[in-house]
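Engineer: Just the structure for this:
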Amino acid sequence: PLGTRLLLSSCDNIDDINPTLAGKLGAGRVNLLKALGDRTHRVPLEFVSIDDAVNSAAAGDTIDLATSLFLAARFEIKDKDLTYRGGWNDAFTTRDPIGTPTVITALPSSPAMSVGNDAGTGVVVDGFRCTGGGGQQYTSIPYTGRYGGGLVVSGDATLRNIDVTGNATGSGTQIGGGGGVLLYDSDAVLENVRVHGNTSLHGAGVYVYRGAPTLVDCVIDANTTIVNNPSAPRGGGVYVTDATLTLRRTSVTGHANADLGGGLYAANSTGATTVVLDHAEISGNTAKSKGCGIYVNGGTLTAVGGLVAANVPTPAATFLYGGGICVEGGAANLDSLVVRDNAAMIAGGVAKLAGGSLTLANSVLSDNSAVFFAGGLYLDTVTGAVLTGNTIAANAGGSAGGGAYLTNSSATLTRNLVAANSGSAAAAQGVFATGGSLVFNCNDVHGNTGGDFGGVTNPIGANGNVSADPQFCDLAAGDFTVYDTSPCLPAHSGGCGQIG
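Structural biologist: Sure thing, here's the model as predicted:
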């Protein structure tokens, strides 16, 4: 009968509680609260402590916590499939998980919250603030040190509406990572999580080691990088190694003074590293050596949609590559991306260095600037790059290659619009190449200071390549759409389809 099954399912596991007497005490005690309750357990209205509520709950139940609850030690989420909801008023009649979350104020020697590796996909944590934490010591992460100041996640739970702020790991004498959050061997999903005002050496906001976590609609902003440690800081906002990280509609903004990867740093250690940006924003970050916005070394960067903007060198930078994006080795696959208003000494917009592969399609690179050369795009020793359907316009390239500069690289350029790029008139600011080989099909390269092509045979007049005014709607305002009479539209491009 249903009633019997319900009562039996509620029994406490006597064998687990008394392992030395396993099998000798019967099926266990009937827990009437589990069997007959509403499956929501309220702290402190119904239970004095969270542990009491958890122990009384069955898998699938909900633990509700009042905003007024004082939590001054690590809140540990374990293996039972429960939903934890903070942000309730004392009467448990209304809830505001964002405006008035339940606050966990950690000890300086620990994170505020930890989600254990046995917490599976049935665990949901919603409506908390993690603050005041100092992380914990790890020797199993590539750099021994303290990680996860406010939040440590090793399981595969869903965390939603979490505010992580005012935490710190590392110092001038100690390695630290993930001042706000450590994702360690985790496939967790973080939704509407804000990580801000935290401090660390590597990944001042978030540090990701192994696993494949996904961040959706999250904000990682204004975390502080430690600059007085002998080790150079990396990843002002996010640091990723040996993991696959997906950022979906997530922003990484307002980080300063990293050496590599002002916004995001990713590199292989002993495994493969992949970063997927799905309509993400990386903006307003600074770095000293490479990648003011994004730096990837040896891994794979895939970006679809989104914005990389206003990332610039630190005042101490002297020879920085890649204002917006810098990828060394590995692979970069960029589609429908806007890269604008970034700056560097070399490659204001995108730099692809040291071999590997590049696919750049349907993207806009505009208003980026370089002190020395390559305002929009720079390729160095890249084989088989494919550039299709991009608009590269209004970039400033210093001595040469305001639009694109290619060194010892091979590339096929098809249906790209390269126009109105500026710099020294002594060399071509459209497409400039030294060494390598380029194939041009159906491109419009027009109106670039110093000439449209340099270091390569001018392809205009062959294979659909033209140099014609694209008729931008409002170039000065950064509007790169074109009038309906534009030679770049399919009706006027001589069978080339859409150019740019």
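Engineer: Please list the outside residues in contact with stretch 169-176.
Structural biologist: Applying Cβ atoms under 8 Å, 6 or more residues apart in numbering, the external contacts of stretch 169-176 come out as 134-135, 143-149, 168, 177-179, 199-202, 226, 228-229, 231. C-beta coordinates here come from the backbone N, C-alpha and C atoms, glycine included.
Engineer: Run through this structure and note the low-pLDDT ranges.
Structural biologist: Where the chain drops to pLDDT under 70, the residues are 1-18, 21-37.
Engineer: Name the helix or strand for E76, please.
Structural biologist: Here E76, judged by DSSP states H and E, is contained in strand 75-77.
Engineer: For the next helix or strand after that strand, enumerate the helices and strands it packs against.
Structural biologist: Secondary structure here is assigned by DSSP H and E; on that basis, the next helix or strand after strand 75-77 toward the C-terminus is strand 83-88. Packed against strand 83-88, as judged by 3 or more Cβ pairs under 8 Å, 6 or more residues apart in numbering; DSSP states H and E, are the following elements: strand 62-66, strand 102-105, strand 124-131.
Engineer: separation between the residue found closest to G236 once you drop the neighbours it is linked to in the chain and P313?
Structural biologist: The spatially closest residue to G236, leaving aside those adjacent along the chain, is H255, at 2.9 Å (Cβ to Cβ, 6 or more residues apart in numbering). To P313, H255 is 13 Å away according to Cβ to Cβ, to the nearest Å.
Engineer: list the residues that contact both of the two?
Structural biologist: With the criterion set as Cβ under 8 Å, 6+ apart, the overlap between the contacts of H255 and P313 is T286.
Engineer: Can you report how many residues neighbour D484?
Structural biologist: For D484, the number of neighbouring residues by other Cβ atoms under 10 Å comes to 8.
Engineer: Which secondary structure element is home to it?
Structural biologist: Assigned by DSSP H and E, D484 falls within no helix or strand.
Engineer: Isn't R249 up against V216?
Structural biologist: Yes. Proximity of R249 to V216 meets the contact threshold set by Cβ atoms under 8 Å, at 6.4 Å.
Engineer: Restricted to strands, list the contacts of stretch 169-176.
Structural biologist: Per DSSP state E, strands hold the following members of the contacts of stretch 169-176: G145, R146, Y147, G177, T199, S200.
Engineer: ok, of those, which one's closest to V115?
Structural biologist: Distances from those to V115 were compared by Cβ to Cβ; the smallest belongs to Y147, at 14.1 Å.
Engineer: before we move on, back to that, buried subset of the contacts of stretch 169-176 as a PyMOL selection?
Structural biologist: This is the PyMOL syntax for the buried subset of the contacts of stretch 169-176, where burial follows 16 or more other Cβ atoms under 10 Å:
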select buried, resi 134+135+143+145+146+147+148+149+168+177+178+179+199+200+201+202+226+229
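Engineer: in the sheet, who's paired with T241?
Structural biologist: Counting by DSSP bridges, T241 is bridged to Y209, A267.
Engineer: count of neighbours near it?
Structural biologist: Using other Cβ under 10 Å, the number of residues around T241 comes to 27.
Engineer: repeat for E46
Structural biologist: 15.
Engineer: helix/strand/coil for it?
Structural biologist: For E46, the assignment made with DSSP: H, G, I helix; E, B strand; the rest coil gives coil.
Engineer: tally of neighbours for the nearest residue to it once chain neighbours are set aside?
Structural biologist: Spatially, and ignoring its direct neighbours in sequence, E46 is nearest to A53 (7.3 Å; Cβ to Cβ, 6+ apart). Residues within reach of A53, counting by other Cβ under 10 Å, total 24.
Engineer: and A53, how far is that from R129?
Structural biologist: When distance is defined by Cβ to Cβ, A53 is 20 Å away from R129.
Engineer: Tell me which other helices or strands the strand holding E76 touches.
Structural biologist: Strand 75-77 sits against strand 113-115, with contacts defined as 3+ Cβ pairs under 8 Å, 6+ apart.
Engineer: List the neighbouring strands of the strand it packs on plus their orientation.
Structural biologist: Here, using DSSP bridges, strand 113-115 pairs with strand 75-77 (parallel), strand 151-153 (parallel).
Engineer: Which one of the ones you listed lies nearest to S109?
Structural biologist: In terms of Cβ to Cβ, the element of the strands paired with strand 113-115 nearest to S109 is strand 151-153, at 13.1 Å.
Engineer: Can you pull out the residues in contact with the helix or strand following the closest one?
Structural biologist: Once the chain leaves strand 151-153, the next helix or strand it forms, by DSSP H and E, is strand 158-165. Here strand 158-165 makes contact (Cβ under 8 Å, 6+ apart) with 87, 97-98, 101, 115, 121, 123-131, 150-151, 153, 180-181, 188-198.
Engineer: repeat for stretch 48-57
Structural biologist: Applying Cβ under 8 Å, 6+ apart, the contact partners of stretch 48-57 are 31, 33-34, 39, 41-43, 46-47, 63, 65, 75, 78, 80, 82.
Engineer: Who wins on neighbours among those?
Structural biologist: The residue in those with the most neighbours, by other Cβ under 10 Å, is L65 (27 neighbours).
Engineer: and it, bridged to which residues?
Structural biologist: Beta-bridge pairing for L65 (DSSP bridges): V43.
Engineer: same deal with the one 10 residues further on?
Structural biologist: Beta bridges link F75 to M113 when assigned by DSSP bridges.
Engineer: isn't it right up against A112?
Structural biologist: Yes. Assessed by Cβ under 8 Å, F75 is found in contact with A112 at 6.7 Å.
Engineer: Mind listing the shared neighbours of those two?
Structural biologist: Here F75 and A112 share the contacting residues I104, scored by Cβ under 8 Å, 6+ apart.
Engineer: still on that earlier bit, what's the closest of the contacts of stretch 48-57 to A266?
Structural biologist: Relative to A266, and with distances defined as Cβ to Cβ, the nearest of those is F75, at 29.6 Å.
Engineer: Just the element for the nearest residue to S493 once chain neighbours are set aside, please.
Structural biologist: For S493, the nearest residue in space outside its immediate sequence neighbours is I499; the separation is 5.4 Å by Cβ to Cβ, 6+ apart. Here I499 is covered by no helix or strand, with elements defined by DSSP H and E.
Engineer: what sits against I499?
Structural biologist: For I499, the set of contacting residues under the criterion of Cβ under 8 Å, 6+ apart consists of G389, R415, N416, L417, C442, N443, D444, P470, P487, C488, L489, S493.
Engineer: Mind doing that once more with 6 Å?
Structural biologist: The neighbours of I499, taking Cβ atoms under 6 Å, 6 or more residues apart in numbering as the test, are R415, L417, D444, C488, S493.
Engineer: Inside strands: which ones of those residues?
Structural biologist: Using DSSP E, the members of these that fall within strands are L417, D444.
Engineer: Can you flag the buried ones in the contacts of I499?
Structural biologist: Applying the neighbour count, that is 16+ other Cβ under 10 Å, the buried entries in these are R415, L417, D444, C488, S493.
Engineer: what about the nearest residue to A91 once chain neighbours are set aside, how many neighbours?
Structural biologist: Here the nearest residue to A91 in space, its sequence neighbours aside, is L45; by Cβ to Cβ, 6+ apart that works out to 7.8 Å. Other residues lying near L45 total 13 when counted by other Cβ under 10 Å.
Engineer: What does G376 show for phi and psi?
Structural biologist: Here is the backbone geometry of G376 (degrees, to the nearest 10): phi -90, psi -50.
Engineer: With adjacent residues omitted, what lies nearest to A462?
Structural biologist: Taking Cβ to Cβ, 6+ apart as the measure, A462 lies nearest to F440, with 7.9 Å between them; neighbours along the chain are not counted.
Engineer: isn't the one you found right up against I460?
Structural biologist: No. Using Cβ atoms under 6 Å, F440 is not in contact with I460, being 8.7 Å away.
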